[in-house]
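> can you look at this prediction? I've put the sequence above it.
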Amino acid sequence: MALVMVKQELSIRGPQKTPRNLKRKIQYRRKEETDDDGDPDYAYFPSGKSKSSVKKSKVAPEVQSSQGRRPSVFHMETDAVDDLAMSESEQSEAIALMKIKSRKRKAETSSLDSVNSMNPSSPSFTSTSADSVLGSGGNSSSTSRKRLATTKKGNEKDKLRCHQCMRSDRRIVVPCTKCKSKLYCIQCIKQWYPNMSEEGVSEMCPFCLKNCNCNQCLHSSGMVETSKTDISGSEKFRHLLYLINTLFPYLKQINEEQIQEIEAEAKIQGIPSSGITTPVSSCSSDERVYCNHCATSIVDLHRSCPKCSYELCLSCCREIRQGNLVRCTAVDFQYVDRGFGYMHGEDPLPESYYTETVGHDNEPLTEWNANRDGSITCAPKEMGGCGGCLLQLKHILPEGRILDLKERAEQVRMKFGTEQVFSKQNCSTYVSEMVKRASSREGADDNYLYCPAANDIFRKEEFLNFQGHWAKGEPVIVCNVLEQTAGLSWEPMVMWRALCENMDSKTSSNMSEVKAQECLSSCEVEINTRRFFKGYTEGRSYDNQWPEMLKLKDWPPSDKFEKVLPRHCDEFITALPFQEYTDPKAGFLNLAVKLPDTILKPDLGPKTYIAYGIAEELGRGDSVTKLHCDMSDAVNILTHTAKVVLDDNQRLAVQMLKKKHRAQDERENLIPQCQKKDDFPISGTTEEDENDEEGPYFPGFLPAGKTEKTGSALWDIFRREDVPKLQDYLRKHSKEFRHVFCSPINKVVHPIHDQSFYLTLEHKRKLKEEYGIEPWTFEQRIGEAVFIPAGCPHQVRNLKSCTKVAVDFVSPENIHECIRLTEEFRQLPKNHKVREDKLEIKKMIVYAVAQSLKDFYLLASS
């Protein structure tokens, strides 16, 4: 199809005379079309107005045109201002006009038909007696010109307006011949749609393709269908039965804990347990109730102080009676800021510059014991209670609710059975396209990870394969998930522009600065947003040429991603594979979806993570997510990357600084004496042959300078069964790691939950040698979705600047890990950053069983 482009004319007051102030007007226009950064296409204004609308009062209004002897607009301007150099945007428009002129003769008839077929009633296309002509010269033959003209002065809404920037003063716009209503100017096409040609926009514009990133479209939801799975009634029946069978043991355990507490209360009151009645708690449905001692979420039965409202969970009640209550004394991690020079191997600053924190390790331990009859007095004042009243047993849910759910679930299990079918196939038997080698454990059958393509996962057998691997606690990688979407841009600047437009004026003004984490010091810094995103694509460095790594975590700064970036949220959900599990709104097997709207739900995302990255492993200040373990399952999609390469001078500076780092480590005894000095190679960026994946090395242990050709993020995910050995290694070698301000780690509460360690290539080698364990290691490519099972410790290093979007979900296969981690978190110090029970897994189990039973009965009856 021939390209159809429309040129809007500048009308002139006299038929032959050039106005005196035309030169000044053109200068104004050039200033309009180019912002301070040389961006000719878009200016960011929180009010939603383009730059032209803001500066419009400064430009004299265009004058009306004459009918007779009207010169060509393009020639008129170049003749009138031949002493002025054209800007880049004008040069581009001139070249585009020349191309159109040459194509015009070849496609004259088809182009004329395309324009004439447009809806004449559309406000953007209104014919007048003054025709706008594409071509050179002043002739206006009706048979050889494609005409679309602007209306008279003052009728702004009828002018040709670019759908992207909403400016009506663009001289060249490309109308869409499919929808016949949207136009895009050349400038916006080049900046915001670099992968589309003018011809492509003419055939089908971004709006028709559903990937338009103008402000209006970015703030619209429902433009694309997010759900890609159509679950039949029989499949729903199987899924519901699977949920009920899987969750039943945990519901039974919750019920038994409540029965034990009721029996304890019966003993206290001296009456049968059947005669116990408990008052209802005064908390509302939209309020979370946590244990004041261990910070665990309370589902139903608990004890409460009638005087000070101190709340105690059933686990703490049991521990108090047994005399083994977990102590949650606060611990402050002391990291000293010894100055920037110290972080690069120089001597620390004098002691007067230290900024130590005060620790609470010596807090006095206050006794808290149960009474002889099993009753419990409120916690002592030193522990946050009043120490004077007996705690009363109360309930939150309707009385007997959990017991009723347990009995109904038992009836379903007895009637319909408990068997669930999974695929028993191992990854080693798959075709090579469906697996990815990720480890080299001797005698293990899990060295290959299941890695299907996005267009293959809709087959039933692949869904069963996924469930089989997922039930075994193995990560899964799904390739090319972005190919299933409309192709919306994930450029960070596009998202930031949409975010600014969606904020109130006060909040939007604050968006000019972002709070990022500086990876070298592990501290939060403020940086201009434009400078941050410039560093994302071009790189940043300190004065000594050491690469500066910054990252934004949980961005944008809002609990509701779908509210501030609704279009991107829809695009992300559309890309999610195995939506039965991952869809945060309608995932049939996602337990988080089963929570009713009347209660507060955990914030499981989606969240965006934007970080710098380079291929070289620096050793200090790498762009990493340190070793940690999530309480829930997660899926992480790499949506955008930018490659940053060090030049030779910077690489040489990095090598010299690494030697200083090495010497400092030796002075501070952070390196064992038996370790050779050349054990820490300086990695490069030499590309390997793509077909060399099965070479003499194995993933995670690539030789210096080797990296997968298209990988952007290096993942290490450990098996659950290897966690005890991993913890032993980290405690043994903790003094060899650095954390905040590059200070040596001097305290370890929990080697994984502290999130203080990142295992470099050398440490992974030592871990393999000493303990015989290794992680699954692979490089994530753009468009790949990585599934991380709950309970699997993992770490990530960015090999390029990366934009990732992740969402948490709760699968029935990994409930046991969620409960185990909840128990681990409640034993951490009370000021530990991961201690709070944000997932509320027991509450989720109860509501998931209730909703599944309700849906099951409705489906069975129909």
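Noted; the coordinates are in hand. Numbering: from 1, shown residues only.

> how many neighbours does residue 273 have?
Using other Cβ atoms under 10 Å, residue 273 is surrounded by 13 other residues. All C-beta atoms are positioned from the backbone trio N, CA, C, and that covers glycine.

> dump the residue contacts of residue 568.
218, 488, 490, 495, 498, 561, 805 (Cβ atoms under 8 Å, 6 or more residues apart in numbering).

> distance of residue 335 from residue 522?
8 Å (Cβ to Cβ, to the nearest Å).

> neighbour count winner among the two?
When neighbours are counted by other Cβ under 10 Å, residue 335 and residue 522 differ, and residue 335 comes out ahead with 23 against 18.

> the more buried one - nearest residue in space that isn't next to it in sequence?
Spatial nearest neighbour of residue 335, chain neighbours left out: residue 740 (3.8 Å); criterion: Cβ to Cβ, 6 or more residues apart in numbering.

> residue 522 is in contact with the one you found, correct?
Yes - contact criterion Cβ atoms under 8 Å: residue 740 and residue 522 qualify, at 4.6 Å.

> mutual contacts of those two, please.
Joint contacts of residue 740 and residue 522 (Cβ under 8 Å, 6+ apart) do not exist.

> low-confidence regions, the stretch 101-250 of the chain specifically.
For the stretch 101-250 of the chain, the stretches with pLDDT under 70 are 101-159.

> quick one, longest helix in the protein?
helix 233-269 (DSSP state H).

> so the residue nearest to residue 335 versus residue 333, what's the distance?
In terms of Cβ to Cβ, residue 740 sits 8 Å off from residue 333.

> who's more crowded, the two?
A direct count of neighbours by other Cβ under 10 Å for residue 740 and residue 333 places residue 333 higher, at 20 against 15.

> for residue 639, which non-adjacent residue is spatially closest?
Counting by Cβ to Cβ, 6+ apart, the residue nearest residue 639 is residue 490, at 3.9 Å.

> does the one you found really touch residue 803, like I thought?
Yes - counting by Cβ under 8 Å, residue 490 sits close enough to residue 803 to count as a contact (5.7 Å).

> mutual contacts of these two, please.
Taking Cβ under 8 Å, 6+ apart as the criterion, residue 490 and residue 803 both touch 639-640.

> for residue 637, helix, strand, or coil?
In three-state terms, and counting by DSSP: H, G, I helix; E, B strand; the rest coil, residue 637 is strand.

> so how many other residues sit close to the residue lying closest to it once chain neighbours are set aside?
The shortest distance from residue 637 to any non-neighbouring residue, by Cβ to Cβ, 6+ apart, is to residue 785 (4.7 Å). Residue 785 has 25 neighbours, counted by other Cβ under 10 Å.

> can you pull up the bridge partners for residue 785?
Beta-bridge partners for residue 785, by DSSP bridges, are residue 478, residue 637.

> quick one: it and residue 611, what's the gap?
Relative to residue 611, residue 785 is positioned 18 Å away (Cβ to Cβ).

> what of residue 541?
Taking Cβ to Cβ, one finds residue 541 at 16 Å from residue 611.

> who's more crowded, these two?
residue 611 (25 against 15).

> could I get the phi/psi values of that one?
When read as degrees, to the nearest 10, the backbone of residue 611 gives phi -150, psi 150.

> can you pull out the helices in the stretch 451-600 of the chain?
Assigned by DSSP state H, counting those that start in this stretch, the stretch 451-600 of the chain shows helices spanning 460-471, 492-501, 505-510, 529-538, 561-564, 566-575, 579-582.

> ranking these by mean pLDDT, which is last?
Note on the helices of the stretch 451-600 of the chain: lowest mean pLDDT is at helix 505-510, with a mean of 58.

> wouldn't residue 780 be in contact with residue 712 here?
Yes - Residue 780 sits in contact with residue 712 when judged by Cβ under 8 Å, with a separation of 6.2 Å.

> okay, and the common contacts of those two?
With Cβ under 8 Å, 6+ apart as the test, residue 780 and residue 712 both reach residue 638.

> for residue 764, which three-state class applies?
Following three-state DSSP, residue 764 is assigned to helix.

> ok, which stretches of the stretch 151-300 of the chain are helices?
Taking DSSP H, counting those that start in this stretch as the criterion, the stretch 151-300 of the chain carries its helices at 186-192, 198-203, 206-209, 215-218, 233-269.

> which of those helices sits closest to residue 646?
Residue 646 lies closest to helix 186-192 among the helices of the stretch 151-300 of the chain, at 28.0 Å (Cβ to Cβ).

> in the closest one, which residues are buried?
186-189, 191-192 (16 or more other Cβ atoms under 10 Å).

> cool, stretch 514-534 as well?
514, 516-517, 519-522, 527, 529, 532-533.

> restricted to strands, list these.
Counted as lying in strands by DSSP state E, out of the buried residues of stretch 514-534, are 514, 516-517, 527.

> and these, which is closest to residue 468?
residue 517 (37.8 Å).

> tell me what that closest one is bridged to.
Applying DSSP bridges, one finds that residue 517 bridges with residue 524, residue 551.

> close enough to count as contact, it and residue 523?
Yes - using Cβ under 8 Å, residue 517 is in contact with residue 523, at 7.3 Å.

> separation between residue 723 and residue 776?
14 Å.

> who's more crowded, the two?
Using other Cβ under 10 Å, the more surrounded residue of residue 723 and residue 776 is residue 776, with 25 against 17.

> find the nearest non-adjacent residue to that one, please.
residue 438 (3.9 Å).

> contacting residues around that neighbour?
Residue 438 neighbours (Cβ under 8 Å, 6+ apart): 447-449, 475, 699, 776-778.
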